[in-house]
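1. return atomic coordinates for the entry below.
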Amino acid sequence: MALLSRCLLTACCLVAVTPFGWAADPVVASAQQQRIEVIEKVAPSVVAIFAPGGAGGGSGVLISADGFALSNFHVTDGVGDFMKCGLNDGVLYDAVIVGVDPSGDVALIKMFGREDFPHAKLGDSDLVQSGDWTFVMGNPFLLATDFQPTVTYGIVSGVHRYQYPAAGNILEYTDCIQVDTSINPGNSGGPLFSADGDLIGINGRGSFEKRGRVNSGAGYAISINQIKHFLDHLKSGRIVDHATLGATVSTDDEGNVTVADILEDSEAYYRGLRHDDEIVSFGGRSIGSTNQFKNVLGIYPKGWKLPIVYRRKGEQTEIWVRLRGLHLLSELTGEKKHGPEPSPKPEEKPRKDGPKDDKEPKDGRPPAPPMRGRAPPPPPPEHLKKFHIKKTGFANYYFNQLQQDRVLKGLAAWGSFEDARGRWKLTGKIGEAMKFEATLADSGAGLFFGKEAFLQEFSDLAELRDEPPGTGGLLTAWHHLRLLLSKGPKAFTDFYYLGSEPFDGQGETVDVLVGLLAGAESHWYFSRETGVLLGYDFIRAENQDRCELRFQGTQDFSGKKFPKAFQMRHGDKSPVLYQVDAVDFAAPGNDSK
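-> Here you go, the predicted structure:
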């Protein structure tokens with residue numbers, strides 16, 4: 001009886017008596033109207049995804065006018081490289097896969113047919129708090145056959161949640177948003193909107209009851225800030241990887257997060273991190289539990305540089321560490337491994353008291369919508385075949401080619417080097433006084449300063465050495481620069497667009513191109529804002545400190561732009577400045593030998 005009285009009192013507060021009858025409370029009516037307006041605003045960006053032939057599907061959301069849309073990897077993996085996408089305008093559009101993140105369960109697709117697609121505004125998921133109102137929109141149970149998205153409404157139940165990978169599965173939900181907003185099979189890949197209509201997450205996982213696969217009030221969305229870190233990597237068309245520190249952590253008896261084990265060939269070890277050091281902060285976040293540490297690791301791509309503050313014997317130290325890859329390519333692609341295994345990477349072990357969900361399928365993958373069989377997908381439309389290129393390590397190499405072409409335009413400001421394919425001679429000063437002379441050719445390179453000489457041969461059998469010692473291979477690094485400028489990407493055995501990252505971990509956003517040759521790599525950093533090449537890193541061998549070269553402006557040499565100085569850094573050593581006074585692009589011999 002008391003419960004009934006409270007319900008009647010609540011109902012009375014929501015309506016008011018007028019001369020004409022009952023009317024809704026103005027506050028309630030205003031809130032309802034606001035919800036309706038937000039839904040009308042964002043609904044056109046919500047995508048209903050279907051496999052060709054209709055044998056399965058899920059949801060997605062447009063994020064740009066030219067047709068890029070986000071979804072889950074487990075959705076696109078089920079429908080194939082080409083798919084059909086419906087919007088609430090009633091039109092069914094063709095789409096193709098762009099890039100995938102199998103571990104983070106994210107996929108990027110490209111829709112065709114318009115250049116003015118409605119799209120969602122990306123929000124800031126770090127501002128999301130428990131209790132915030134949210135909308136989930138999508139295609140649960142593949143109900144949106146008319147492409148009108150289903151809408152559910154609820155609150156944020158928790159933030160910075162961590163969901164462990166199941167045994168034998170690499171899918172891992174880190175730093176995700178937990179909501180009681182109803183998420184059901186088919187909602188996977190669809191948007192989680194804030195009350196204002198900002199995109200704050202991509203729905204992907206739920207705790208489903210064993211019978212009927214019905215939402216039980218605990219759903220999980222991948223945070224949009226994590227996806228922002230990976231977005232340009234996804235636009236590269238690659239199968240992207242997450243990161244590991246090369247160290248395991250655990251919680252000691254006093255509740256501190258400490259290093260349990262660390263690989264001696266990891267950059268974290270090179271920078272000074274050791275066993276039993278206490279992790280105070282990582283990536284700018286305070287670390288108070290193993291899960292918090294794993295959350296930070298999970299939101300960054302392989303290769304990003306992050307700050308770590310650790311404490312040893314009461315003294316705090318900050319270091320910057322470039323993260324290494326978490327998985328083998330065969331793990332990301334699901335293909336059988338061939339050849340010898342690389343050295344093991346320590347992975348952060350789950351705590352026994354961590355959150356578990358025995359309602360999830362045994363393989364850890366979010367349940368897929370009901371499917372009527374997995375027949376081979378029909379061939380794509382003839383006019384779309386050109387938009388998909390297969391290559392090992394890529395979901396779609398076509399889009400990588402587009403990004404390479406875009407970024408390489410930044411070299412046009414340096415002038416043409418097609419007539420500079422012979423021997424190069426650089427002269428200048430190291431620091432303020434010591435003179436140097438460098439010769440670069442296809443067959444080898446030499447550097448002379450004072451009475452010392454350093455040589456590096458470039459042949460199929462030659463070993464790439466650290467020449468001069470302690471530089472990380474400066475001579476071969478300069479060789480890569482000569483090849484890129486004079487011969488372009490074809491001079492390398494492989495060349496691709498990696499994605500973007502903050503320059504040196506804390507600077508402006510840069511696009512990254514990667515060149516591979518004779519087992520070595522060079523990473524080229526182009527300003528996203530200006531397109532200018534700012535510098536590059538040379539990696540002589542895996543798990544070794546890089547030779548980092550940063551350009552100190554350019555000047556004209558024989559009608560071509562060239563760095564007027566290189567700031568060279570290797571490991572923890574102090575930077576060394578190589579000032580260039582003159583460059584001869586056709587040194588005596590006038591050939592490449």
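2. wait, what's in contact with the closest residue to Gly90 other than its chain neighbours?
-> Excluding the flanking residues, the one nearest Gly90 by Cβ to Cβ, 6 or more residues apart in numbering is Phe147, at 6.1 Å. Bear in mind the C-beta positions are built from the backbone N, C-alpha and C, glycine included. Going by Cβ atoms under 8 Å, 6 or more residues apart in numbering, Phe147 touches 48, 86-92.
3. neighbour-wise, which of these leads?
-> Ala48 (27 neighbours; other Cβ atoms under 10 Å).
4. if I look at that residue, what pLDDT would I see?
-> Looking at Ala48, its pLDDT reads 94.
5. wait, it sits on Gly90?
-> No: between Ala48 and Gly90 there is no contact under Cβ atoms under 8 Å: 11.1 Å.
6. quick revisit: check the contacts of Phe147 against Lys560 and report the nearest one.
-> Taking Cβ to Cβ as the measure, Lys560 lies nearest Leu87 of the contacts of Phe147, at 49.5 Å.
7. poorly predicted segments of this structure, please.
-> When residues are selected by pLDDT under 70, those of the chain lie in 1-23, 207-216, 335-377, 587-593.
8. helices along that one, start to end?
-> In the chain, the helices defined using DSSP state H lie at 2-14, 26-42, 73-79, 224-235, 267-270, 290-298, 329-333, 397-408, 474-487.
9. can you redo those helices as JSON lines with distance to Arg546 and mean neighbour count?
-> Converted to JSON lines, the helices of the chain look like this (distance: least, Cβ to Cβ, whole Å; neighbours: other Cβ atoms under 10 Å):
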{"stretch": "helix 2-14", "distance to Arg546": "64", "mean neighbour count": "9"}
{"stretch": "helix 26-42", "distance to Arg546": "43", "mean neighbour count": "13"}
{"stretch": "helix 73-79", "distance to Arg546": "31", "mean neighbour count": "24"}
{"stretch": "helix 224-235", "distance to Arg546": "19", "mean neighbour count": "22"}
{"stretch": "helix 267-270", "distance to Arg546": "9", "mean neighbour count": "20"}
{"stretch": "helix 290-298", "distance to Arg546": "21", "mean neighbour count": "22"}
{"stretch": "helix 329-333", "distance to Arg546": "21", "mean neighbour count": "15"}
{"stretch": "helix 397-408", "distance to Arg546": "20", "mean neighbour count": "18"}
{"stretch": "helix 474-487", "distance to Arg546": "9", "mean neighbour count": "23"}
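10. now render those as CSV, adding distance to Gly131.
-> Formatted as CSV, the helices of the chain follow (distance: least, Cβ to Cβ, whole Å):
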stretch, distance to Gly131
helix 2-14, 19
helix 26-42, 15
helix 73-79, 29
helix 224-235, 19
helix 267-270, 37
helix 290-298, 20
helix 329-333, 37
helix 397-408, 39
helix 474-487, 52
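11. Gly53: which of those helices is closest?
-> From the helices of the chain, taking Cβ to Cβ, the stretch that ends up closest is helix 73-79, at 9.6 Å.
12. dump the closest one to PDB, keeping only the CA atoms.
-> Extracted C-alpha coordinates of helix 73-79, given in PDB (Å, rounded to 0.1, in the frame of the first residue of the first chain):
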ATOM      1  CA  PHE A  73      35.500  -5.700 -35.800                       C
ATOM      2  CA  HIS A  74      33.300  -8.700 -34.900                       C
ATOM      3  CA  VAL A  75      30.500  -7.200 -37.100                       C
ATOM      4  CA  THR A  76      32.500  -6.500 -40.200                       C
ATOM      5  CA  ASP A  77      34.400  -9.800 -39.800                       C
ATOM      6  CA  GLY A  78      31.100 -11.600 -40.000                       C
ATOM      7  CA  VAL A  79      29.800  -9.700 -43.100                       C
END
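13. and that helix, what does it pack onto?
-> When contacts are defined as 3 or more Cβ pairs under 8 Å, 6 or more residues apart in numbering; DSSP states H and E, helix 73-79 packs onto strand 46-50, strand 57-62, strand 92-101, strand 106-111.
14. one more pass at 10 Å, please.
-> With contacts taken as 3 or more Cβ pairs under 10 Å, 6 or more residues apart in numbering; DSSP states H and E, helix 73-79 sits against strand 46-50, strand 57-62, strand 82-86, strand 92-101, strand 106-111, strand 198-208.
15. shared neighbours, Ala48 and Gly90?
-> Shared contacts of Ala48 and Gly90 (Cβ atoms under 10 Å, 6 or more residues apart in numbering): 146-148.
16. what's near enough to touch the nearest residue to Val75 once chain neighbours are set aside?
-> Of all residues not flanking Val75 in the chain, Gly58 sits nearest, at 3.5 Å (Cβ to Cβ, 6+ apart). Each residue near Gly58 by Cβ under 10 Å, 6+ apart is listed here: 47-51, 71-72, 74-76, 78-79, 83, 107, 138-140, 142, 185-190, 203-204, 366, 368-369.
17. what bridges to Gly58?
-> Beta-bridge pairing for Gly58 (DSSP bridges): Ile49.
18. count the residues that sit near the residue nearest to Tyr269 when sequence neighbours are not counted.
-> Nearest residue to Tyr269, sequence neighbours excluded (Cβ to Cβ, 6+ apart): Ile262, at 5.3 Å. For Ile262, the count of nearby residues is 20 (other Cβ under 10 Å).
19. please name the residues that touch the residue nearest to the spatial centre of the chain.
-> Centroid-nearest residue in the chain: Phe230, 2.1 Å away (criterion: Cα atoms, centre = their mean). Counting by Cβ under 10 Å, 6+ apart, Phe230 touches 99, 101, 104, 106, 108, 222, 236, 240-242, 299-301, 499-500.
20. go again using 6 Å as the cut-off
-> Contact analysis of Phe230 by Cβ atoms under 6 Å, 6 or more residues apart in numbering lists 101, 301.
21. distance of the residue lying closest to Glu418 once chain neighbours are set aside from Leu408?
-> Spatially, and ignoring its direct neighbours in sequence, Glu418 is nearest to Ser486 (7.2 Å; Cβ to Cβ, 6+ apart). Distance of Ser486 to Leu408, given as Cβ to Cβ, to the nearest Å: 14 Å.
22. next one: Arg312
-> 45 Å.
23. could you pick out the longest strand of the protein?
-> strand 150-163 (DSSP state E).
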